[in-house]
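Colleague: No sequence on hand, only this structure:
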């Protein structure tokens, strides 16, 4: 097994981004540094899962770190279902059949209110921006720049994060082999997007579009 290069041998932009994580999001810095080491450690078992998990976690957690009040928590569905599942009528036990499809079932008002609360919470959660979109918005605010967060930029960034997210977890079936050049390119794209907002330089919208569009080809 080869020895991964230490941070002092990394390109200046990577060292700059690692320093930024250590200062602004220290809980994510070790994950980012570990992903960088694994990018160089090609024979490492489970490497693609670990690297992808880091990108997924950064995209999900960084908005909450940078703007704690900007991200609503997940809807804990099981907690809501626990409140009314015992009250829910067993349709099959009541003799329901195909002839019952056109019939209505009456439920208690309190039960309907609990279900309505769950549906309302679900709608509120669905109306919020995705984690990648929220991250772009927060980074734009931090940069205090006039970069336009357009729909194409958001969609391409979401596709990039989705690529990693699909590879973050172990699965019942073997994943198709990941092309090494593609992995390296997509990870660099993720880094460059962050650096475009938090680095010593700013990248305009057209350049961000080009970076992400190329990564998703």
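Modeller: Done, it's in. Please read these numbers as outputs of a predicted model, since none were measured by experiment. Numbering: from 1, shown residues only.
Colleague: How many neighbouring residues does the closest residue to residue 166 other than its chain neighbours have?
Modeller: Excluding its sequence neighbours, the residue lying closest to residue 166 (Cβ to Cβ, 6 or more residues apart in numbering) is residue 52, at 7.9 Å. C-beta here means a position set from N, CA and C on the backbone, and glycine is covered the same way. Neighbour count of residue 52, defined by other Cβ atoms under 10 Å: 24.
Colleague: cool, residue 56 as well?
Modeller: Residue 56: 19 neighbours (other Cβ under 10 Å).
Colleague: That one and residue 167: what is the separation?
Modeller: According to Cβ to Cβ, to the nearest Å, residue 56 and residue 167 sit 9 Å apart.
Colleague: Check residue 17 too.
Modeller: In terms of Cβ to Cβ, residue 17 sits 21 Å off from residue 167.
Colleague: go on, residue 67?
Modeller: Residue 67 is 28 Å from residue 167, by Cβ to Cβ.
Colleague: what about those two, which has more around it?
Modeller: residue 167 (19 against 15).
Colleague: If you average pLDDT per helix and strand, which one of this protein comes out bottom?
Modeller: None of the helices or strands of the chain scores lower by mean pLDDT, DSSP states H and E than helix 205-215, at a mean of 68.
Colleague: Could you chop the protein up by domain?
Modeller: 7-71+130-215, 77-127 (automatic domain parsing).
Colleague: most packed of those domains?
Modeller: domain 7-71+130-215 (a mean of 16; mean count of other Cβ atoms under 10 Å).
Colleague: Give me the distance from that domain to the chain's centre.
Modeller: 10 Å (Cα atoms, centre = their mean, to the nearest Å).
Colleague: out of everything not next to it in sequence, what's closest to residue 108?
Modeller: residue 87 (6.8 Å).
Colleague: ok, now how distant is residue 141 from residue 31?
Modeller: Following Cβ to Cβ, the distance that separates residue 141 from residue 31 is 24 Å.
Colleague: Can you read off the backbone torsions of the residue nearest to residue 108?
Modeller: phi -90, psi -10 (degrees, to the nearest 10).
Colleague: now swap in residue 42 and tell me
Modeller: Per degrees, to the nearest 10, the backbone of residue 42 is at phi -60, psi -40.
Colleague: Hmm, residue 178 and it touching each other?
Modeller: No: counting by Cβ atoms under 8 Å, residue 42 stays clear of residue 178, with 11.2 Å between them.
Colleague: Report the contact partners of residue 110.
Modeller: residue 87 (Cβ atoms under 8 Å, 6 or more residues apart in numbering).
Colleague: change it to 10 Å
Modeller: 84, 87 (Cβ atoms under 10 Å, 6 or more residues apart in numbering).
Colleague: Give the residue spans of this structure that score low on pLDDT.
Modeller: Regions of the chain meeting the criterion pLDDT under 70 cover residues 1-6, 70-75, 91-102, 125, 127, 145-146, 200-206, 213, 215, 217.
Colleague: hey, where'd the helices end up in it?
Modeller: For the chain, the helices defined by DSSP state H cover 12-24, 26-40, 47-66, 77-84, 109-127, 131-143, 151-165, 180-198, 205-215.
Colleague: for these, which one sits closest to residue 103?
Modeller: helix 109-127 (17.3 Å; Cβ to Cβ).
Colleague: chain center to that closest one: distance?
Modeller: Worked out by Cα atoms, centre = their mean, helix 109-127 lies 25 Å from the chain centre.
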